[in-house]
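Colleague: Provided below are the primary sequence and the corresponding predicted coordinates.
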Amino acid sequence: MKRLLTFFLIFGFAFTIISCQKKETYSYEVLKEANPRNDIYYQIFVRSFADSDGDGIGDLKGIEENLDYLKDLGITALWLMPINPSPTYHGYDVLDYYEINPDYGTIEDFKSLVKEANKKNIDIILDLVINHTSDQHPWYLEGKGESHYDYYYRLGSSAHETFVGGMVDLDHNNPAVEAEMKEIMRFYVEMGVKGFRLDAAKFFFDKPGQVGNPVFLNVNYIQMLKLYLRSLREDAYLVTEIWDNYPFLIQPYYRGTDSSFNFPLYYDIISKVGKDQNKGTLISNLTNSYEEYRKYNPNFVDAVFISNHDLDRLASLGGFESLERQKLGAEILLTLPGNPFIYYGEEIGMKGYRYEGDNISGYGVVYDEYRRQPFLWGDNKYQTSWLPSDGSNNQTIPLNEQKTDPNSLYNTYQELVELRKKTPALMFGNEIKRYINNSGTIQGFVKTFEYQEFKQTVVVLYNLSSYEQEISHEKVKVLYGSLTMKPYSTLVLEVESESGFAYVYG
């Protein structure tokens, strides 16, 4: 079944292209310098990514030795999950903020990674886990009256635990704790780190008996951290984890942060793209939330994702079993505004899901481990083996085979990343308007980017149906896809101005 969609872009939107006297060419480097907090991120669980020394555990040298892989994929920034010493495999219970987990290497290894990544124009942000520490941290082991005893939010003699498993909460009301958090940030920024992801950011002041509104206190604290970070590095970037399903619960945090992970959009993608539920509201929900976020921060940068370390992987979710839907997920991720975060392994369609205390032979009791399992290189040079296979990826095609298949998911990711970097409106345009003919099967938006004399407008359309859709047009250039849209596919168009196409990006 084909459906004809006719759109009148020049007359349909109040923000149509205005004729320029001349066209200007701007390099990626120039536009990136003008928009320093727009990047394409790759999230790495170090333990699972690349093993450089054969001990079965991923390490910092393994990442450094694979920077060319990340560069070829088109990544411009890395988010490293916790790299500090920890008593657990996941690292979210820190023992020492100023040291590196010995499984991953040394401080010198980390400095080397940052230096070599920066040579390739790849920035690094770190997971900053400051809501809590391990209950084995030396600070917590000090007795009453010692210098760090009051670092913790205590209920009686014991520290409060927002999260179970020996993770004790710090008391951010304490000026000494605030000073320590700043010192940790300074320590890593001086090594070349660009910024941080604030773990569990809505819990900093959400404790039993806390005086004052926890949201207000959290936002003020995050804003203080961001301003301090900016004093250390002008182009610094701060992204917060505010895990809520509703935009109105997230929006206040934009007064304090550059970005907040867009969980409402994630759940919309899973339900509307994967399960075909209420597809006609995908973009209107997004634009409505952006209008609210902009009230708190006109310059906010969205942080979009389709998987992360706390969620079942996309390919393991109902509705995303097929390659075409996984490709559509990648296309949506890499054409949306803001910063796309690619979770390692998503580019090859890795699977993985949560267990509830099951016992895996050769390892033991597991929970989130298989959401974070070893990356599939396809050879043994860098393959990690700290976690035995549960069989979930027996049919997943490894990286080395996907690279040679032009129709693979990996090559879809690479093509979309390249398109994003070559198209200023995709890479740097943070504002969108709804496509005028959105429907229950076609969802899309228009995005315009301006810099000095340069202006570019693109239209991004998603076919969320199981049948072909014909798009007729005037004065547009196809940048990606086809005007005959296949089921579950994406079309990216550039709109022509009176002076011609603005697609002169050097």
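Modeller: Sure, I can see it. Numbers count the residues shown, from 1 in each chain.
Colleague: looking at it, Phe204 is touching Gln223, isn't it?
Modeller: No. If you go by CB atoms under 8 Å, Phe204 and Gln223 don't touch, sitting 11.9 Å apart. Yep, even glycine has a C-beta here, placed from its N, CA and C like the rest.
Colleague: Pick out whichever of these two has more residues nearby.
Modeller: The residue with more neighbours, out of Phe204 and Gln223, is Phe204; 28 against 15, by other CB atoms under 10 Å.
Colleague: nearest residue to Asp109 other than its sequence neighbours?
Modeller: Leu60 (4.4 Å; CB to CB, 6 or more residues apart in numbering).
Colleague: dump the residue contacts of Thr106.
Modeller: Ile100 (CB atoms under 8 Å, 6 or more residues apart in numbering).
Colleague: ok, it to Glu180 distance?
Modeller: 22 Å (CB to CB, to the nearest Å).
Colleague: buried set for stretch 461-479?
Modeller: 461-465, 469, 471, 473, 476, 479 (16 or more other CB atoms under 10 Å).
Colleague: Of these, just say which sits nearest to Asn400.
Modeller: Leu479 (29.4 Å; CB to CB).
Colleague: do you know how far that closest one is from Tyr462?
Modeller: For Leu479, the distance to Tyr462 equals 15 Å [CB to CB].
Colleague: got it, and Gly212?
Modeller: Counting by CB to CB - Gly212 and Tyr462 are separated by 43 Å.
Colleague: Report the central residue of this structure.
Modeller: Centroid check for the chain by CA atoms, centre = their mean gives Phe341 as the closest residue, at 2.4 Å.
Colleague: that's a strand at that residue, yeah?
Modeller: Yes. Checked against DSSP: H, G, I helix; E, B strand; the rest coil, Phe341 lies within a strand.
Colleague: measure it to Gln43 for me?
Modeller: 6 Å.
Colleague: Between the two, which contacts overlap?
Modeller: 79, 308.
Colleague: Could I get the buried residue list for the top helix by length along the chain?
Modeller: When the chain is parsed with DSSP state H, its longest helix is helix 214-232. For helix 214-232, the neighbour count (16+ other CB under 10 Å) marks 217-222, 225-226, 228-229 as buried.
Colleague: Stretch 398-418 now?
Modeller: 398-399, 402-403, 408-417.
Colleague: Output those residues in JSON lines; the columns should cover pLDDT and distance to Phe320.
Modeller: Output for the buried residues of stretch 398-418, formatted as JSON lines (pLDDT from 0 to 100; distance: CB to CB, whole Å):
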{"residue": "Pro398", "pLDDT": "98", "distance to Phe320": "19"}
{"residue": "Leu399", "pLDDT": "98", "distance to Phe320": "19"}
{"residue": "Gln402", "pLDDT": "98", "distance to Phe320": "17"}
{"residue": "Lys403", "pLDDT": "98", "distance to Phe320": "22"}
{"residue": "Ser408", "pLDDT": "98", "distance to Phe320": "16"}
{"residue": "Leu409", "pLDDT": "98", "distance to Phe320": "11"}
{"residue": "Tyr410", "pLDDT": "98", "distance to Phe320": "16"}
{"residue": "Asn411", "pLDDT": "98", "distance to Phe320": "18"}
{"residue": "Thr412", "pLDDT": "98", "distance to Phe320": "14"}
{"residue": "Tyr413", "pLDDT": "98", "distance to Phe320": "15"}
{"residue": "Gln414", "pLDDT": "98", "distance to Phe320": "20"}
{"residue": "Glu415", "pLDDT": "98", "distance to Phe320": "19"}
{"residue": "Leu416", "pLDDT": "98", "distance to Phe320": "17"}
{"residue": "Val417", "pLDDT": "98", "distance to Phe320": "20"}
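Colleague: Distance to Asp390 and secondary structure added to those residues, as TSV?
Modeller: Below are the buried residues of stretch 398-418 laid out as TSV (distance: CB to CB, whole Å; DSSP: H, G, I helix; E, B strand; the rest coil):
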residue	distance to Asp390	secondary structure
Pro398	16	coil
Leu399	20	helix
Gln402	21	helix
Lys403	25	coil
Ser408	23	coil
Leu409	21	helix
Tyr410	23	helix
Asn411	27	helix
Thr412	26	helix
Tyr413	25	helix
Gln414	28	helix
Glu415	31	helix
Leu416	30	helix
Val417	30	helix
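Colleague: Out of those, give me the two with the largest separation.
Modeller: Pro398 and Leu416 (20.5 Å).
Colleague: Please look at the residue nearest to the centre of the chain and Leu311 and confirm they touch.
Modeller: No. Counting by CB under 8 Å, Phe341 sits too far from Leu311 to count as a contact (11.9 Å).
Colleague: Tell me which residues are up against stretch 241-256.
Modeller: The contact list for stretch 241-256, computed with CB under 8 Å, 6+ apart, reads 197-202, 215-216, 218-226, 240, 260-264, 267, 288-289, 292-293, 295-297, 300, 310.
Colleague: sorry, back to before: restricted to helices, list the buried residues of stretch 461-479.
Modeller: Among those, none falls in helices (DSSP H).
Colleague: want to throw these into TSV with pLDDT and distance to Asp55?
Modeller: Shown next, in TSV, are these (pLDDT from 0 to 100; distance: CB to CB, whole Å):
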residue	pLDDT	distance to Asp55
Leu461	97	48
Tyr462	98	44
Asn463	98	47
Leu464	98	45
Ser465	96	49
Gln469	95	52
Ile471	92	53
His473	77	56
Val476	90	54
Leu479	97	45
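Colleague: Lovely, talk soon.
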